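Enquirer: Sequence first, predicted coordinates after that:
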Amino acid sequence: MKVFVVGASGYIGNAVALEFLKAGYEVVGLCNSNAGLEQLTRQHIHAVKGDMADDSVWKKYAKEADVIVHAAHVRPGMRLSSGWLKRSGELRDKCLSSLVSAAQENPNIKAIIYTSGMIAHGNHGDALIDESTQPNPTALGNYHREGERIMSEAADRGLPALSIRPGMVYGNGGTFKKFFLDVAAKGKYQFPGDGENYLPFIHVQDLAKAYVAAVDVAFGNRLISVVDDQPIKMKDMASNLLRSFGGGKHSSVPSWLVSLFAGRALSEMLVGSYRVRNSRARRVLNWEPQHRSFASGITHVVAEYQK
């Protein structure tokens, strides 16, 4: 079978594309740079260079795919601003609409999957939450739920449309490498707020496996949270991260300062609390994470990073 991955050279998208390749799929990946083109070609992925908002280059590949995965968002600048949310949302929605249109023209379509995020749940403090919990509004959560709405409307029209809400994705790459590993390697780590908020994590390889498993259950399942077994408090995450590097000191910074330099939407996400359960993913996907907690998984990631 064929899979078309939008954002196939990105951190999540590339892990997903390689997992489908490993599962025997013919993979076509959309990227927007020459570096991405070279990367995908080296990985034996049929690479297509183009803009996700311009389907004139890539829609034909989406029409031929048995599975479509959207895993691309406009990369923010120094700040995750309201302007970024607006622009990225517009381009994302245009791309999703084209992907849904392509899926409607393909009688063999088995799944069309949108990559959302755990922030879509909203801040729920210490409460355990899942896909049935009424979301609380946040700027970035509203952004992702709009993408989920497009998918839900596609499902209403009979398409196998599914949104996956990953936890905080970690591994030796992407933004986790830049903002977590590279920082902690210097022996210090700062987090916003008091660190008492819960974050759900998921190792990038465990997440990729969930996408492949989701193909067979896309009909009838509109939303699945993919997180590990143990949401962890922010301050405990920092302790485990530094311990994996042999030690160090963590401290907190005021959330208003993070908002000033990185944008309110990002600050709001990082101080929110999301004790997300993975019971639906385990039950529906017949899936379980190899790295069942951040505390156990981060040691492997740091060992890989230090090589």
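Expert: Now that the structure is in, tell me what you want to look at. As the structure is a computational prediction, the values presented were derived from the model and not from experiment. Numbering: from 1, shown residues only.
Enquirer: only C-alpha atoms for contact and neighbour calcs from this point on.
Expert: Fine.
Enquirer: quick one, strands of the stretch 51-200 of the chain?
Expert: Per DSSP state E, counting those that start in this stretch, the stretch 51-200 of the chain carries strands over the ranges 67-70, 111-115, 128-129, 161-166, 168-170, 188-192, 198-199.
Enquirer: Can you add mean pLDDT, distance to residue 87 and mean neighbour count and give these back as TSV?
Expert: Listed next are the strands of the stretch 51-200 of the chain as TSV, based on pLDDT from 0 to 100; distance: least, C-alpha to C-alpha, whole Å; neighbours: other C-alpha atoms under 10 Å:
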stretch	mean pLDDT	distance to residue 87	mean neighbour count
strand 67-70	98	17	26
strand 111-115	98	17	25
strand 128-129	98	30	16
strand 161-166	98	21	26
strand 168-170	97	23	22
strand 188-192	94	26	19
strand 198-199	98	27	26
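Enquirer: With respect to residue 223, which of those strands lies nearest?
Expert: Nearest to residue 223, of all these, is strand 161-166, at 4.9 Å by C-alpha to C-alpha.
Enquirer: neighbouring strands for the closest one, and are they parallel or not?
Expert: strand 111-115 (parallel), strand 223-226 (parallel) (DSSP bridges).
Enquirer: Would you check that residue 270 makes contact with residue 190?
Expert: No - using C-alpha atoms under 8 Å as the test, residue 270 is too far from residue 190 to be in contact (11.7 Å).
Enquirer: still on that earlier bit, residue 122 is nearest to which of the strands of the stretch 51-200 of the chain?
Expert: strand 128-129 (9.9 Å).
Enquirer: Unless I'm misreading it, residue 273 sits right up against residue 195, doesn't it?
Expert: No - under the criterion of C-alpha under 8 Å, residue 273 makes no contact with residue 195, lying 9.7 Å away.
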